[in-house]
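Q: here's my sequence, what's the structure:
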Amino acid sequence: MTAPDLAAVEAHLVTSFGPVTGRAAVTFVGTDRVEVLRLAAPDLRVVRYATLGMSRHPMTDPTVVAPDPAAGPRAELVVSLAAPRDAIFRRLAVLAMAPFVEGLVVTAGASLDLTEPLWDGAPFSAVLVGAPGGLVPDLGPVQFFPLQPMTANEAAWRRVHGSAALQSRWVAEGIDLRDPERASVDLT
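A: So this is what the prediction gives:
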């Protein structure tokens, strides 16, 4: 499996979400550059932040002794917010590098923890990985995973009760996961 054409990945994101209204690039020592795009259709009140470059390399299971450098799932990450929070650029790039720095495969239902706010002043320091294919259809081998910001309490509760239980709580309480100012769901 060859690396995807990142220009095609970007075009796919633009088709799904509207024009790129901002971008930042982050390079970590020993890794390829990852960009984070801000996309916003003028008629919608949702801003999307999407990684571009995470899919350049396949994710590999860290328990495999000699992983195939070409095989494995490829992914990009997407965060949807009701208002811009551009301080998310660097932190989203950090999440995109987790598979290569920490040797993990991003899957639906998993959580990724930053140990710092998702953006300056955010009540969220972790994200729940949603199922791909809903917001953005797959593009060949590349899947686009939506990330749902979680507070520290929600992340801890999810570790005990599971992702499905947390998502059920969000739905039952009518939580708007795109609200960058939302409070933690009631977990009592």
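
Q: could I get the buried residue list for stretch 165-177?
A: Leu166, Gln167, Arg169, Trp170, Ile175, Leu177 (16 or more other CB atoms under 10 Å). (Glycine included, C-beta is placed from N, CA and C.)

Q: how about stretch 3-17?
A: By neighbour count on 16+ other CB under 10 Å, the buried set for stretch 3-17 is Pro4, Leu6, Val9, Glu10, His12, Leu13, Ser16, Phe17.

Q: not counting its neighbours along the chain, what's nearest the last one?
A: What it means is Phe17. Leu39 (4.0 Å; CB to CB, 6 or more residues apart in numbering).

Q: next, count neighbours for the one you found.
A: 22 (other CB atoms under 10 Å).

Q: give me every residue that touches it.
A: When contacts are counted by CB atoms under 8 Å, 6 or more residues apart in numbering, Leu39 touches Leu13, Val14, Phe17, Gly18, Pro19, Val20, Thr21, Val47, Arg48, Tyr49, Ala50.

Q: for ChimeraX, write the select line for the buried members of these.
A: Selecting only the buried entries of those in ChimeraX, with 16+ other CB under 10 Å as the criterion:
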select :13,17,18,20,47,48,49,50
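
Q: now render the contacts of Leu39 as TSV, adding pLDDT, secondary structure and distance to Ala83.
A: Output for the contacts of Leu39, formatted as TSV (pLDDT from 0 to 100; DSSP: H, G, I helix; E, B strand; the rest coil; distance: CB to CB, whole Å):
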residue	pLDDT	secondary structure	distance to Ala83
Leu13	97	helix	20
Val14	96	helix	21
Phe17	94	helix	16
Gly18	93	coil	16
Pro19	95	coil	18
Val20	96	strand	18
Thr21	95	strand	13
Val47	96	strand	7
Arg48	97	strand	12
Tyr49	97	strand	12
Ala50	98	strand	17
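
Q: out of the contacts of Leu39, which comes closest to Trp119?
A: Tyr49 (9.5 Å; CB to CB).

Q: I'd assumed Ala83 was in contact with the closest one.
A: No - contact between Tyr49 and Ala83 fails when scored by CB atoms under 8 Å: they sit 11.8 Å apart.

Q: please consider this matter closed, and thank you.
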